[in-house]
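In: based on what follows, work out the 3D shape:
(chains A and B)
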Amino acid sequence: EAGVAQSPRYKIIEKRQSVAFWCNPISGHATLYWYQQILGQGPKLLIQFQNNGVVDDSQLPKDRFSAERLKGVDSTLKIQPAKLEDSAMYLCASVTSGSNRGEQFFGPGTRLTVL
Amino acid sequence: SQKIEQNSEALNIQEGKTATLTCNYTNYSPAYLQWYRQDPGRGPVFLLLIRENEKEKRKERLKVTFDTTLKQSLFHITASQPADSATYLCALEGGSYIPTFGRGTSLIVHP
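Out: Sure thing, here's the model as predicted:
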């Protein structure tokens, strides 16, 4: 089966600019996560979707970050305006349902550099 | 608040030996715990999941233990190879808890 797709792989922007990341999860996976991973740290959950509904966004900086999953398939994460501290890897993961629930399939990530 | 601790120092071992990585947690009662492998610049790759009612899980050269009394998981790689060199992340989830990852431990296997 095809894996989780993310684009772009790399992005360099200046502070105060906006940026958007795209994720296409594994077909049939209802749960989708966006994570932020700063160098040297573990992934930090930003938002969790179940189909097209938000399950948890308690750690999403809502003044500048937004995410949507309109048709319950692919998803976009946007930052506007970006700050220097947003430089990180942004990871998308999808989760199967049923007995294997919990196993997360990650995409290759988008490396964001904010100058 | 919930806290997950993994050794921040890299673990250096010789090829063929068993690598043992530790994950400790506090203020948490997870339903399950997972281990992932992450190579530089890439997304994590799932390795093993162990549930709160399981003590041990094995997959090929990998073994995970889960002690909910000690609030600790141990991850073992037997007959380690240089190709096993990577960062290993533990993650907890379940119940009302969102998925939470530790910062990972770097494993370096020397030939």
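
In: from here on, contacts and neighbour counts on C-alpha atoms
Out: Will do.

In: which intervals of chain A have sub-threshold pLDDT?
Out: Counting by pLDDT under 70, chain A has low-confidence residues at A:1, A:98-101.

In: can you pull up the most central residue in it?
Out: Centroid-nearest residue in chain A, with Cα atoms, centre = their mean: A:W34, separated by 2.8 Å.

In: which residue packs closest to that one, ignoring adjacent ones?
Out: Leaving aside its sequence neighbours, A:W34 sits nearest to A:C92 (Cα to Cα, 6 or more residues apart in numbering or on different chains; 4.6 Å).

In: quick one: residues contacting the one you found.
Out: A:V4, A:Q6, A:C23, A:P25, A:L32, A:Y33, A:W34, A:Y35, A:F106, A:G107, A:G109 (Cα atoms under 8 Å, 6 or more residues apart in numbering or on different chains).

In: try 7 Å this time
Out: When contacts are counted by Cα atoms under 7 Å, 6 or more residues apart in numbering or on different chains, A:C92 touches A:C23, A:Y33, A:W34, A:Y35, A:F106, A:G107, A:G109.

In: in ChimeraX, how would I select just the buried ones from those residues?
Out: Filtering the contacts of A:C92 down to the buried ones (16 or more other Cα atoms under 10 Å in any protein chain shown) takes a single ChimeraX command:
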select /A:23,33,34,35,106,107,109
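
In: in strands only, show me the contacts of A:C92.
Out: A:C23, A:Y33, A:W34, A:Y35, A:F106 (DSSP state E).

In: isn't the third one up against A:F49?
Out: In this case it means A:W34. No: using Cα atoms under 7 Å, A:W34 is not in contact with A:F49, being 8.8 Å away.

In: how far away is B:R51 from B:P82?
Out: 29 Å (Cα to Cα, to the nearest Å).

In: and those two? Which one has more around it.
Out: B:R51 (19 against 15; other Cα atoms under 10 Å in any protein chain shown).

In: closest to chain B among the ones in strands among the contacts of A:C92?
Out: Distance to chain B, by Cα to the nearest Cα, is smallest for A:F106 among the ones in strands among the contacts of A:C92, at 5.6 Å.

In: isn't that closest one right next to A:V4, touching?
Out: Yes: taking Cα under 7 Å as the definition, A:F106 is a contact partner of A:V4 at 6.2 Å.

In: identify the contacts common to these two.
Out: Looking at what touches both A:F106 and A:V4 (by Cα under 7 Å, 6+ apart), the common residues are A:A93.

In: how about the residues of chain B by chain A?
Out: B:R42, B:G43, B:P44, B:V45, B:F46, B:P99, B:T100, B:F101, B:G102, B:R103, B:G104 (Cα under 7 Å from any Cα of the partner chain).

In: which one of those residues is nearest chain A?
Out: B:R103 (3.9 Å).

In: so the closest residue in space to the closest one that isn't next to it in sequence versus B:A91, what's the distance?
Out: Take B:R103 and drop its neighbours on the chain: the residue closest to it by Cα to Cα, 6+ apart is A:G42, 3.9 Å away. Per Cα to Cα, A:G42 is found 9 Å from B:A91.

In: name the residues contacting each of those two.
Out: Contacts common to A:G42 and B:A91, judged by Cα under 7 Å, 6+ apart, are B:F101, B:G102.

In: this completes my enquiry, with thanks.
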